[in-house]
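[1] when you get a sec, could you give me coordinates for this:
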Amino acid sequence: MTSRHAKVFVLDMFYETDLAGSLEAILESSAGSTIRLQRESWSFDEFRSNNGRFLDLISSFDPDAIFLVLDQLEGEQLRELMATVCGALRQPAIVVSGGAGPDQIVEVLKLGATDYIVPPLKPNDVLPRLWRVLDQRRNGDPLALVLKKKLGLEQLVGESSAFLTEIQKIPLVAKCDASVLITGETGTGKELCARAVHYLSPRSGQPFIPVSCGAIPSELVENELFGHIRGAFTGAHAPQPGLIREADGGTLFLDDIDCLPLQAQVKFLRFLQEREYKQLGSTKTNRADLRVVAATNINLESGVRDGRFRQDLFYRLNVIPVNLPALRDRREDIPLLAHHFLAKYSRDFGKECRGFSPGAMARLLGHGWSGNVRELENVIERAVVFAEGTVIRRGDIMLHVSPAADSRVSSESFRTAKARVVEEFERGYIESLLKTHRGNITRAAQAAEKNRRAFWELIRKHRINMDVIKTTQM
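    As a prediction, the model looks like this:
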């Protein structure tokens, strides 16, 4: 193993416990490396009055990185400290503090911190993060900017305030190694968000390993995560490395984390704390350096209250929460998303679809979207496949509405919900037939296996404008 060298300056502004002492012990015990350390303990008032001396100390020692061990600094004090350390100095700053909430962590990253570490401090966590920060500084970003954009935020489309409030956190949290918990309904884009965190991070050149905890039988979860050695159990004829080993150096994305069995939660929590694990059937301790991003579509705190999810694991995962809003809560993004998917699938299918008719867009805007962005994408993909012109028409928008899924059902009777669903189906079906047969009512009626008069009554019932149908086919 190549010996590593670094100079580290520790500014201790934490007084309740000797957090800086724990950090110092970890840095000084780094095996296979040499870390020269200088530590100063100051209050904020001392820092403010000795600002020039602090800069002189940094200039004289010339560290490769600065650790800021902070207490409950907030507001102007925090901004003043970070402005000096991150604004006036070239060295990366790593903040260590246990007293901040998620919003404060994001604020510290906005103010220029390179990473944020939450106690308890462990050598297998602190040291890899230090070396990664220094490698990033020395070597630059591992991926070209254009590739990072393509694999990162470009896929997260929206301009609503509800959406941007959460998405704007991603570039900030990506540069640090804190755990991220992404919440949101099914189809809101949680995996896209996790991929953006990975591909905008210093780990972007390493594996991104996604796993759905809900798709793995409970008795196999530990085997999938930690792997096994040959002969660990009946049928284990060959070793299996496990997902943690596969993600080493990169990011492990645990979707549906709420489905993780309690026994597996205990073992995974230990791994998060120690960064060490044992494969099934083995006595050998393995280490892994990876970032964990988890996601769930339920309120995980309620799972904690119900005893289905460990509170200590929840706190370990929920260092920085990102809550993706449902599509119905950001309807102003529907046109933007619709055009994004229209361009994507027009390219994929060699079509020349360029826009939506007012009726088609009104249909999109009026839908409940219980399946969120994923449902919208599927609807647009299907519309592009069946579109015959350059404009997506109302009849091309085929929506699958079920009373159990629609957001309006909770306030409707069965009779009302059924009538609405039937009406939406009839209108979409008739418009699609008329478009297919270029406005020819006789042929459309034959395809529907109805007589012409009955079919015409359905056209009148749903107020379908035949002039518009015929115009779109010209």
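[2] partner strands of whichever strand or helix holds residue 321, with direction?
    Using DSSP states H and E, residue 321 sits within strand 320-323. Strands that pair with strand 320-323, judged by DSSP bridges, come out as strand 180-183 (parallel).
[3] in the stretch 1-150 of the chain, which spans are helices?
    With DSSP state H, counting those that start in this stretch, the ranges of helices along the stretch 1-150 of the chain come out as 19-28, 44-49, 51-61, 75-82, 102-110, 123-139, 145-151.
[4] apologies, that question was intended for the stretch 151-300 of the chain.
    With DSSP H, counting those that start in this stretch as the criterion, the stretch 151-300 of the chain has helices spanning 161-167, 170-174, 190-199, 221-226, 243-246, 262-274, 300-305.
[5] nearest to residue 234, out of these?
    Closest to residue 234 of those is helix 221-226 (Cβ to Cβ; 12.6 Å). Where you see a C-beta, it was placed from the backbone N, CA and C, and this is true even at glycine.
[6] mind listing residues that contact the closest one?
    Residues outside helix 221-226 that contact it (Cβ atoms under 8 Å, 6 or more residues apart in numbering): 211, 213, 216, 240, 242-244, 260-261, 263-264, 267-268, 271, 277-280.
[7] any idea of the mean pLDDT for that helix?
    On average, the pLDDT along helix 221-226 is 92.
[8] residues near the closest residue to residue 294 other than its chain neighbours, how many?
    Of all residues not flanking residue 294 in the chain, residue 257 sits nearest, at 4.1 Å (Cβ to Cβ, 6 or more residues apart in numbering). By other Cβ atoms under 10 Å, the residues close to residue 257 number 27.
[9] now do residue 116
    For residue 116, the number of neighbouring residues by other Cβ under 10 Å comes to 27.
[10] that one contacts residue 95, doesn't it?
    Yes - with contact defined as Cβ atoms under 8 Å, residue 116 and residue 95 form a contacting pair (4.9 Å).
[11] give the residues shared as contacts by the two.
    Taking Cβ under 8 Å, 6+ apart as the criterion, residue 116 and residue 95 both touch residue 108.
[12] need the helices of the stretch 1-150 of the chain in CSV with mean pLDDT, can you?
    Output for the helices of the stretch 1-150 of the chain, formatted as CSV (pLDDT from 0 to 100):
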stretch, mean pLDDT
helix 19-28, 90
helix 44-49, 85
helix 51-61, 86
helix 75-82, 84
helix 102-110, 85
helix 123-139, 85
helix 145-151, 46
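[13] what would these look like in JSON lines with distance to residue 235 and mean neighbour count?
    Shown next, in JSON lines, are the helices of the stretch 1-150 of the chain (distance: least, Cβ to Cβ, whole Å; neighbours: other Cβ atoms under 10 Å):
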{"stretch": "helix 19-28", "distance to residue 235": "42", "mean neighbour count": "18"}
{"stretch": "helix 44-49", "distance to residue 235": "61", "mean neighbour count": "14"}
{"stretch": "helix 51-61", "distance to residue 235": "58", "mean neighbour count": "13"}
{"stretch": "helix 75-82", "distance to residue 235": "55", "mean neighbour count": "16"}
{"stretch": "helix 102-110", "distance to residue 235": "44", "mean neighbour count": "19"}
{"stretch": "helix 123-139", "distance to residue 235": "32", "mean neighbour count": "17"}
{"stretch": "helix 145-151", "distance to residue 235": "38", "mean neighbour count": "14"}
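[14] now render the ones you listed as JSON lines, adding distance to residue 327.
    Formatted as JSON lines, the helices of the stretch 1-150 of the chain follow (distance: least, Cβ to Cβ, whole Å):
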{"stretch": "helix 19-28", "distance to residue 327": "43"}
{"stretch": "helix 44-49", "distance to residue 327": "45"}
{"stretch": "helix 51-61", "distance to residue 327": "49"}
{"stretch": "helix 75-82", "distance to residue 327": "36"}
{"stretch": "helix 102-110", "distance to residue 327": "24"}
{"stretch": "helix 123-139", "distance to residue 327": "36"}
{"stretch": "helix 145-151", "distance to residue 327": "23"}
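[15] can you count the residues close to residue 394?
    24.
[16] the nearest residue to it once chain neighbours are set aside - how many residues pack around it?
    What sits nearest to residue 394 in space, not counting adjacent residues and going by Cβ to Cβ, 6+ apart, is residue 359, at 3.6 Å. Residue 359 is flanked by 18 other residues according to other Cβ under 10 Å.
[17] how about residue 359, secondary structure?
    helix (DSSP: H, G, I helix; E, B strand; the rest coil).
[18] and residue 284, how many residues sit next to it?
    Residue 284 has 7 nearby residues by other Cβ under 10 Å.
[19] if we ignore the residues flanking it in sequence, what's nearest it?
    residue 278 (6.6 Å).
[20] quick check: the one you found vs residue 222, distance?
    Residue 278 is 10 Å from residue 222, where distance means Cβ to Cβ, to the nearest Å.
[21] more neighbours: which of those two?
    residue 222 (22 against 16).
[22] list the contacts for residue 316?
    179, 269, 272-273.
[23] same question, residue 353
    342, 345-346, 384, 387, 389-392 are the contacts of residue 353 under Cβ under 8 Å, 6+ apart.
[24] buried subset of those residues?
    342, 345-346, 384, 387, 389, 392 (16 or more other Cβ atoms under 10 Å).
[25] quick revisit: distance to residue 284 added to the helices of the stretch 151-300 of the chain, as TSV?
    Below are the helices of the stretch 151-300 of the chain laid out as TSV (distance: least, Cβ to Cβ, whole Å):
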stretch	distance to residue 284
helix 161-167	41
helix 170-174	33
helix 190-199	28
helix 221-226	12
helix 243-246	12
helix 262-274	14
helix 300-305	33
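[26] the closest residue to residue 374 other than its chain neighbours and residue 377: what is the separation?
    Nearest non-adjacent residue to residue 374, counting by Cβ to Cβ, 6+ apart: residue 187, 3.4 Å away. According to Cβ to Cβ, residue 187 stands 9 Å off from residue 377.
[27] also residue 455?
    32 Å.
[28] got it, and residue 228?
    38 Å.
[29] by contact count, what packs against the helix or strand that residue 443 is a member of?
    Using DSSP H and E, residue 443 falls within helix 441-447. Judged by 3 or more Cβ pairs under 8 Å, 6 or more residues apart in numbering; DSSP states H and E, the packing partners of helix 441-447 are helix 414-436, helix 452-461.
[30] what sits against the closest residue to residue 172 other than its chain neighbours?
    Excluding its sequence neighbours, the residue lying closest to residue 172 (Cβ to Cβ, 6+ apart) is residue 109, at 4.1 Å. Each residue near residue 109 by Cβ under 8 Å, 6+ apart is listed here: 116, 172-173, 175-176.
[31] likewise for residue 80?
    When contacts are taken as Cβ under 8 Å, 6+ apart, residue 80 is in contact with residue 48.
[32] look up how far residue 99 lies from it.
    Residue 80 is 18 Å from residue 99, by Cβ to Cβ.
[33] which stretches of the stretch 351-474 of the chain have low pLDDT?
    401-412, 414, 417-418, 420-421, 424-425, 467-474 (pLDDT under 70).
[34] now do 90
    352, 354-363, 365-366, 368, 388-389, 399-474 (pLDDT under 90).
[35] my guess is residue 246 meets residue 210, correct?
    No - counting by Cβ under 8 Å, residue 246 stays clear of residue 210, with 10.9 Å between them.
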